[in-house]
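Novice: return a 3D structure for these sequence lines:
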Amino acid sequence: MSTNDFYQEIEHTPVPWRQYELHVPLFYPDIMFMNMSILAPTENVRSVLPSKRLKPYRITPWLSALSITAYQYRESDIGPYNEVFIGIPVTIDEETPLFTGSLRKMPKEPKVYSHHLPVTTEIALEVGAEFAGYPKFVADIEFVEEGNRMTCKLRADHQDVLKLSGRMLSTNQFPRHRVHPITYRREYILRSEFVISEREMGFSKNGEDVKLELGDHPIAEELRELNLGKVVSYSYCPHAQGILTPVFESLAG
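Specialist: Residues are numbered from 1 along each chain as shown. As a prediction, this is how the structure comes out:
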């Protein structure tokens, strides 16, 4: 499964589910992704969060961030599929210090509220929705390599949602990283963990390296109404490995 030690000594437990046999945690041995963080007025960002306990990062006194990540899961325990994660970096209960993500470093293990999560397969939808309340729906997600840029095109309900186009940056070695996806189900805040392996990745704060185009789908209109602004950062990773845990924490929302 792996050419390194990323999965060694981790219990990969089979779990019967419907007509399938899943494994917990879920292994993702081959991932490509590109991510952008973009500014939006804090009050606009707060308006889409489902709980007052969830606090968006305060990048400036008036601005917070939205994160869009396009994943190509070329191999996983539930088969290959593509995904676009539209999320909001948050803390729970306590506000971040001002200038988190600009003058101050981001938390080492960020929490990101899952706002929209289109995927390309039914099993990815059903497993994510049933086990952790991920707001998934099936959509068309296509990756196209154009010169030195990678483009992800997202369509749903026969409408364009967005197009994310990023430069295929030169890469450097990045350490192992942990992200805590946050979902909200039946008035409870749920937390999981996604561990990303050591990897070669390109990182940029140059807004010219990434471009976001919004379409005519209702999700695009919602994003447009957030009044998105300046790009905070962009990253491109041609290959990584991942481990997604089940929900391990629940808080009344």
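
Novice: where in this structure is pLDDT low?
Specialist: Within the chain, the segments meeting pLDDT under 70 span 1-4.

Novice: and the helices in the stretch 101-250 of the chain?
Specialist: Remark: helices assigned in the stretch 101-250 of the chain by DSSP state H, counting those that start in this stretch are 122-132, 218-225.

Novice: mean neighbour count and distance to Ile86 for the ones you listed - can I get that in CSV?
Specialist: Glycine gets a C-beta too; all of them are placed from N, C-alpha and C. Formatted as CSV, the helices of the stretch 101-250 of the chain follow (neighbours: other C-beta atoms under 10 Å; distance: least, C-beta to C-beta, whole Å):
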stretch, mean neighbour count, distance to Ile86
helix 122-132, 18, 14
helix 218-225, 16, 7
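
Novice: indicate which one of the ones you listed is closest to Glu11.
Specialist: helix 122-132 (17.4 Å; C-beta to C-beta).

Novice: and the contacts of the closest one?
Specialist: With contacts defined as C-beta atoms under 8 Å, 6 or more residues apart in numbering, helix 122-132 is touched by 17-18, 20, 22, 26, 78-79, 81, 83, 117, 119, 134-138, 181, 183, 185, 190, 192, 246-247.

Novice: among those residues, which ones are in strands?
Specialist: Taking DSSP state E, the ones among those that sit in strands are 17, 20, 22, 26, 81, 83, 117, 119, 136-138, 181, 183, 185, 190.

Novice: of all the helices of the stretch 101-250 of the chain, which one is nearest Arg149?
Specialist: Comparing those by C-beta to C-beta, helix 218-225 comes nearest, at 20.6 Å.

Novice: what's next to the closest one, contact-wise?
Specialist: For helix 218-225, the surrounding residues in contact (C-beta under 8 Å, 6+ apart) are Asn44, Val48, Leu66, Ile86, His116, Ala156, Gln159, Asp160, Val161, Leu162, Leu214.

Novice: can you tell me which of those residues are buried?
Specialist: Taking 16 or more other C-beta atoms under 10 Å as the criterion, what is buried in those is Asn44, Val48, Leu66, Ile86, His116, Ala156, Asp160, Val161, Leu162, Leu214.

Novice: closest one of those residues to Ile38?
Specialist: For the buried ones among the contacts of helix 218-225, the nearest to Ile38 is Leu66 (5.4 Å; C-beta to C-beta).

Novice: so who does that closest one touch?
Specialist: Contacts for Leu66 (C-beta under 8 Å, 6+ apart) come out as Ser37, Ile38, Leu39, Ala40, Val45, Ile86, Gly87, Ile88, Leu223, Leu226, Leu228.

Novice: and it, how far from Asn44?
Specialist: Using C-beta to C-beta, to the nearest Å, Leu66 is found at 9 Å from Asn44.

Novice: mutual contacts of these two, please.
Specialist: Common contacts of Leu66 and Asn44 (C-beta under 8 Å, 6+ apart): Leu226.

Novice: in strands, which of the contacts of helix 218-225 fall?
Specialist: Leu66, Ile86, His116, Ala156, Gln159, Asp160, Val161, Leu162, Leu214.

Novice: excluding its backbone neighbours, what's nearest the residue nearest in space to the middle of the chain?
Specialist: For the chain, Phe85 is the residue whose C-alpha lies nearest the centre (C-alpha atoms, centre = their mean; 3.9 Å). Excluding the flanking residues, the one nearest Phe85 by C-beta to C-beta, 6 or more residues apart in numbering is Thr69, at 4.4 Å.

Novice: if we can go back for a sec, which of the contacts of helix 218-225 lies closest to Pro110?
Specialist: For those, the nearest to Pro110 is Leu66 (13.3 Å; C-beta to C-beta).
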